[in-house]
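[1] fold the following, please.
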Amino acid sequence: MAYNFPDAPTLGQTFNQWTWDGEKWVMAGSTGTPASAITFTPTGNIAANNTQAAIAEVDSEKVAKAGDVMTGALTTPAPVLPVTTWTAAQQLSARQAVYAAPIDALAYNGMQINGNMDILQDGSSGALVTAVSRYSLDCWRAAFVHATATFSFAQNTTVGGWPHTNGHQLQCGTPMATLGAGEYVNIHQRIEGTRCARLAFGMAFAQPVTIAFWIYASVPGTMTVCVQNGAGDRSYLVPVTVSAASSWEYKTVTVPGDITGTWLKDTGIGMIVRLVFASGTTFQGTPNTWLASAAMSSNTATNFFANASNFVVVTGFLVLPGSEAPPKERAPFIMRSADQELLLCQRYYAKSYNQGTNPGTLTTQGAMNGTQTSVAGAVQYFPIILPAVMRTNIAAATIYNPQVANSQVRNLTMGSDWTGTAFWGQGDRYIAISSIAPAGSAVGQSSSFHWVVDGRL
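    Just a heads-up that it's a prediction; the model follows:
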């Protein structure tokens, strides 16, 4: 019998009882070639030269998934590790991008004081005077120079929309319609050298500092963050864009450490951080580089007070060692509580009056009360324990009568005043005043006075 097989069969194709194995037609039921008869030239780690022996060889060398034991060490190729040599810019970007719990732990590393603008011990608010840097909120100053403009400052408690209770407001009445070369306006904080010494500014290994804050401005524009030494001959200027009017915006800048210049590390002015909202050419400079000058404003900045009634409010102010700042969602968590800030503020300014009561107010609340121990006409000394160790020895104190507008100790029993009240003993933790008991007074009567001490930078 003759078969007319297909001319171009494919592997596995059948024809009647025949199957094409790639080389020939094989009848069903016939015996194929045994594996031991299929030979090849061995390569690699295989020593056998036929399929059957090669299979047995491989099977004897493999490790079973369970119940087997290796008889030698397993050698693997060396892993390919990521590049660990990064540029400074790459390192900075990586650190800023990584969220870590230590961000929140930075709260007590913040070199700023009263960054939440919660503390206002002396009750200051009102007008500024041109060319006079005036204390505003605790540890803050406000200053401007202009021929015709008028400015006021206040602790703002009404502008909502940010996660802080208070803000530092600066507002113009008469505007800075034009700016002369030496004219400017800013708020700033002087930081004690002992607080910022850790940055090692002025040394070869000086470290960066990061500044963060919230700002609400009546107009958009470009302000300047200025970091300056106490002598005013080293400055670094960073332009900061306020994108929209009447909207809270969170800003962060990082300033590289200064390896030159004189940066005090004692109880003097170690660093000044300025937030500058307008400046003439005299105080302008090139941004983003250290300058050997008193420049405070970038030459790209704009004037935030060109129109009457313009204002800015700042809060959530942070000055942190290093190059990391918290994201805006976590920024409130890094702020110290008001009671802790008050203790820090009292290193620079303290009073006997209750918090929220302005010095000079006629009240006995919070006053220092004592019992007269001297006879009429004799001197008595009144020791005062200060609430915190002051920045410097206190060589003077302001005394207020709690019932009459003068600076004498008050005899509450008689309703009369002591005389010759004077500062007597100086110190950074204990001070004293002296006064002469009024005529007609007697031992055991009650006396009272208020005091204020000032060690601000």
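[2] shaky segments in the chain?
    Flagging of the chain using pLDDT under 70 yields the residue ranges 1-2, 28-37, 63, 79-84, 95-106, 160-162.
[3] show me where it has helices.
    51-61, 88-97, 102-105, 193-196, 338-345 (DSSP state H).
[4] among those helices, which comes closest to A388?
    Closest to A388 of the helices of the chain, according to C-beta to C-beta: helix 338-345, at 5.7 Å. Heads up, the C-betas are built off the backbone N, CA and C, glycines and all.
[5] for that closest one, the distance to its chain's centre please.
    17 Å (C-alpha atoms, centre = their mean, to the nearest Å).
[6] hmm, back to that, now, of the helices of the chain, which is deepest in the fold?
    Mean neighbour count (mean count of other C-beta atoms under 10 Å) peaks for helix 193-196 among those, with a mean of 19.
[7] residue nearest the centroid of this protein?
    Residue closest to the average C-alpha location in the chain (C-alpha atoms, centre = their mean): L318, at 3.1 Å.
[8] ok, and the closest non-adjacent residue to that one?
    Excluding the flanking residues, the one nearest L318 by C-beta to C-beta, 6 or more residues apart in numbering is A212, at 4.3 Å.
[9] ok, that neighbour touching T254?
    No: look at A212 against T254 with C-beta atoms under 8 Å: they stay out of range, at 9.6 Å.
[10] find residues that contact each of those two.
    Counting by C-beta atoms under 8 Å, 6 or more residues apart in numbering, the shared contacts of A212 and T254 are A325.
[11] which one of the two has more residues nearby?
    For A212 and T254, the more surrounded residue by other C-beta atoms under 10 Å is A212, and the numbers stand at 25 against 17.
[12] what's the spacing between the more buried one and P175?
    29 Å (C-beta to C-beta, to the nearest Å).
[13] what of D233?
    Distance from D233 to P175, counting by C-beta to C-beta: 31 Å.
[14] which one's more surrounded, those two?
    P175 (20 against 13).
[15] got the contact list for that one?
    Neighbour list for P175: 149, 305-308, 310 [criterion: C-beta under 8 Å, 6+ apart].
[16] most neighbours of all these, which one?
    F305 (28 neighbours).
[17] wait, that residue touches F277, no?
    Yes: using C-beta under 8 Å, F305 makes contact with F277 at a distance of 6.4 Å.
[18] who touches both of the two?
    V185.
[19] and the strands in the stretch 351-457 of the chain, which stretches?
    Listed in chain order, the strands of the stretch 351-457 of the chain (DSSP state E, counting those that start in this stretch) span residues 368-371, 379-385, 398-400, 410-411, 416-417, 419-425, 430-436, 446-454.
[20] and for the stretch 101-250 of the chain?
    In the stretch 101-250 of the chain, the strands defined using DSSP E, counting those that start in this stretch lie at 126-127, 134-135, 141-145, 151-156, 167-172, 184-192, 209-217, 221-228, 235-242, 249-255.
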